[in-house]
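Asker: Fold the following.
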Amino acid sequence: MDSPSDKPSLLERLSALLSREPEDRDDLLARLRSACDRNLIDADALSIIEGALQMSDMQVREVMIPRAQMDVVHLDDPVEKTADFVVETAHSRFPAVGENKDDVVGILLAKDLLRYYSGREFDLRGMLRPAVFVPESKRLNVLLREFRVSRNHMAIVVDEYGGVSGVVTIEDILEQIVGDIEDEYDFDEVADSIRLDQSGRYRVKATTEIEDFNHAFETSFSEEEADTIGGHVIRHLGRLPKRGEIVELDNLRIQVMRADSRRVYTLLIERVAPAEADTADEN
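Answerer: Predicted coordinates:
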């Protein structure tokens with residue numbers, strides 16, 4: 001009988017599975033999924049690997065918090081107002097701005113307000129940390145590496161003209177790898193599950209209930225076939241969709257923004273004219 005030490009390790013089993021060099025990424029993923037089917041790796045490990053590979057192809061614009069949804073503190077506001085706002089929103093970091101959101105002066109850490117609450121002298125401008133600016137096109141794997149090296153957790157996203165288009169945090173990137181992380185930017189209330197962005201499209205949590213989705217978009221999707229809009233998309237396709245995949249349903253163009261091998265997280269939805277939808281179906 002073999003002793004426990006004689007049994008091949010996980011690394012050895014994976015090495016045997018990948019003894020021949022994969023031809024491309026699809027081949028690599030197919031082998032990893034085969035390894036999961038054979039219980040060489042579990043579903044969570046496979047999901048993380050898939051997320052890491054997907055993340056390396058993504059740009060900041062795909063995961064950033066849009067400008068319209070940025071919570072910022074204003075340098076000209078009284079410190080009492082700033083403190084109340086920080087407590088109310090419960091974030092850990094805030095862009096601090098001057099005249100408007102294009103005028104980001106620095107980053108305020110919520111913990112730095114302890115000085116104010118302790119009754120000591122507090123100078124908001126003097127407490128700010130330097131702001132890091134990144135272009136919308138920056139790749140997520142590059143930004144994650146920079147976050148790790150600099151120990152920074154937030155960056156201001158700018159467009160090609162230098163205007164602020166949003167903010168990205170290290171958690172936004174990590175969520176692409178490990179799935180949703182409960183934090184200050186998650187929107188759990190029904191009213192916040194469907195958000196309009198600057199482009200006129202809607203970011204929708206896949207867990208939004210069909211009843212709420214029908215009410216918001218004036219659709220009539222069956223609540224008997226699926227409980228959530230993510231489930232409805234999966235049922236329509238007959239499988240789990242991939243990130244970036246698009247389906248047309250009831251004059252709505254639904255793009256999968258975030259998904260892994262287990263579930264769908266976020267959808268990007270825009271209304272299309274009936275004629276445009278018919279043309280898309282013909283193609």
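Asker: what mean pLDDT does stretch 57-69 have?
Answerer: Averaged over stretch 57-69, pLDDT sits at 87.
Asker: I meant to write stretch 78-91 there.
Answerer: Rounded mean pLDDT across stretch 78-91 is 84.
Asker: what does stretch 250-258 give?
Answerer: 88.
Asker: L40 and D27: what is the separation?
Answerer: According to Cβ to Cβ, to the nearest Å, L40 stands 17 Å off from D27. Just so you know, the C-beta spots here come from the backbone N, C-alpha and C atoms, and that holds for glycine as well.
Asker: for S56, same thing?
Answerer: In terms of Cβ to Cβ, S56 sits 17 Å off from D27.
Asker: same deal with H236?
Answerer: 28 Å.
Asker: Those two: which is more packed in?
Answerer: Remark: of H236 and D27, H236 carries more neighbours, 16 against 13, as counted by other Cβ atoms under 10 Å.
Asker: Please point out which parts of the helix or strand that contains the more buried one sit buried.
Answerer: H236 is part of helix 229-237 when elements are defined by DSSP states H and E. Neighbour counts over helix 229-237 (16 or more other Cβ atoms under 10 Å) mark I229, G230, G231, H232, V233, I234, H236 as buried.
Asker: right, and the last one touches L249 too?
Answerer: This means H236. Yes. In this structure, H236 is within contact of L249 by Cβ atoms under 8 Å, at 6.6 Å.
Asker: In which helix or strand does E171 reside?
Answerer: Secondary-structure assignment from DSSP H and E places E171 in helix 170-178.
Asker: Now that helix: average pLDDT?
Answerer: The model assigns helix 170-178 a mean pLDDT of 83.
Asker: Could you list every helix and strand that whatever helix or strand R253 lives in packs against?
Answerer: Using DSSP H and E, R253 sits in strand 252-259. Where contact means 3 or more Cβ pairs under 8 Å, 6 or more residues apart in numbering; DSSP states H and E, strand 252-259 is packed against strand 246-249, strand 264-271.
Asker: out of these, deepest packed?
Answerer: Per residue and on average, the most neighbours among the helices and strands packed on strand 252-259 fall to strand 264-271, with a mean of 19 (mean count of other Cβ atoms under 10 Å).
Asker: roughly how far is it from the heart of the chain?
Answerer: Remark: strand 264-271 is offset 12 Å from the chain centroid, using Cα atoms, centre = their mean, to the nearest Å.
Asker: ok, and what's touching it?
Answerer: Under the criterion Cβ atoms under 8 Å, 6 or more residues apart in numbering, residues 179-180, 200-206, 217, 229-230, 233-234, 240-241, 251-259 lie in contact with strand 264-271.
Asker: hang on, the earlier thing: using a markdown table, lay out the helices and strands packed on strand 252-259 together with distance to R151.
Answerer: Shown next, in a markdown table, are the helices and strands packed on strand 252-259 (distance: least, Cβ to Cβ, whole Å):
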| stretch | distance to R151 |
| --- | --- |
| strand 246-249 | 38 |
| strand 264-271 | 27 |
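Asker: Out of these, which gets nearest to F122?
Answerer: strand 264-271 (37.9 Å; Cβ to Cβ).
Asker: hang on, the earlier thing: could you check the angle the helix holding E171 makes with strand 252-259?
Answerer: 90 degrees (axes from the mean of the first three to the mean of the last three Cα atoms, to 10 degrees).
Asker: For helix 170-178, list every residue counted as buried.
Answerer: I170, E171, D172, I173, L174, E175, Q176, I177.
Asker: nearest residue to the third one other than its sequence neighbours?
Answerer: It refers to D172. V63 (4.6 Å; Cβ to Cβ, 6 or more residues apart in numbering).
Asker: Quick check: the gap between that neighbour and Q176.
Answerer: Going from V63 to Q176 by Cβ to Cβ gives 6 Å.
Asker: got any residues that touch both of the two?
Answerer: Common neighbours of V63 and Q176 (criterion: Cβ under 8 Å, 6+ apart): L140.
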